[in-house]
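> just a sequence and a predicted model for now, questions to come.
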Amino acid sequence: MQFTCIALAALAAAQTFTPAKTVNATSAAPAATNVMWPTIITSAVTALLTATGTFLLARQRFLQDFRLQFKAESVIRKLLLNEAWALRSFDVIKLHIGGFDDDELRRLLVRSGAVRFTAKGTEMWGLYERTHHALDGTDGFEKFLKP
């Protein structure tokens, strides 16, 4: 009788007791993936916004630098187009166009269409259109120098 009661109690316990499911890698993955999507989306949006902001700032800085150089070249060209002077000394150009070191200013002069002459130990610059005959050898550039 005691055996019967224990057997009946075990049978009742077995019917109410459900064994725990075994967890394997495939059943745990969907739960972990569902938790990771907000993190992945947040990271992607943050990276996209950072990249866009960096690109826009770099583009603005590039355009500003390009605009500055373009304006400097146009001012140099206007300075060298002055009818009173076919040639200008480098010191005078440097005085009027500030903010550039010597080599950078020389690059701007070349991009403006200027060529360099040396007269009386002084570095002189003039536009090619106005001084090409001196380069061709038909005329000396000394006639363009004012006393």
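That came through, no problem.
> ok, F90 - how many residues close by?
For F90, the tally of surrounding residues (other Cβ atoms under 10 Å) stands at 16. C-beta coordinates here come from the backbone N, C-alpha and C atoms, glycine included.
> which helix or which strand is home to the residue nearest to it when sequence neighbours are not counted?
Leaving aside its sequence neighbours, F90 sits nearest to E123 (Cβ to Cβ, 6 or more residues apart in numbering; 4.1 Å). Using DSSP states H and E, E123 maps to strand 122-127.
> give me the below-cutoff pLDDT ranges for the protein.
1-33, 134-147 (pLDDT under 70).
> cutoff 80 now
Along the chain, the parts satisfying pLDDT under 80 run over 1-35, 66-69, 82-86, 119-120, 129-147.
> quick one, longest helix in the protein?
Identified as the longest helix of the chain according to DSSP state H is helix 25-80.
> by contact count, what packs against that one?
Counting contacts by 3 or more Cβ pairs under 8 Å, 6 or more residues apart in numbering; DSSP states H and E, helix 25-80 is packed against helix 90-96, helix 102-111, strand 122-127.
> just name the most buried of those.
For those, the largest average neighbour count (mean count of other Cβ atoms under 10 Å) is found in strand 122-127, namely a mean of 20.
> which residues touch stretch 89-108?
69, 72-73, 75-76, 79, 109, 116, 122-125 (Cβ atoms under 8 Å, 6 or more residues apart in numbering).
> now distance to S43 too, for these, in TSV please.
Below are the contacts of stretch 89-108 laid out as TSV (distance: Cβ to Cβ, whole Å):
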residue	distance to S43
Q69	39
A72	44
E73	45
V75	48
I76	49
L79	54
L109	50
R116	56
T122	63
E123	57
M124	61
W125	55
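> which of these sits closest to T52?
Q69 (26.3 Å; Cβ to Cβ).
> now do the contacts for that closest one.
108, 111 are the contacts of Q69 under Cβ under 8 Å, 6+ apart.
> before we move on, the earlier item: between the helices and strands packed on helix 25-80, which gets nearest to G53?
It's helix 102-111; of the helices and strands packed on helix 25-80, that one is closest to G53 (Cβ to Cβ) at 29.8 Å.
> right, and the helix or strand after the closest one?
strand 114-119.
> which parts of that next one are buried?
114-115, 117 (16 or more other Cβ atoms under 10 Å).
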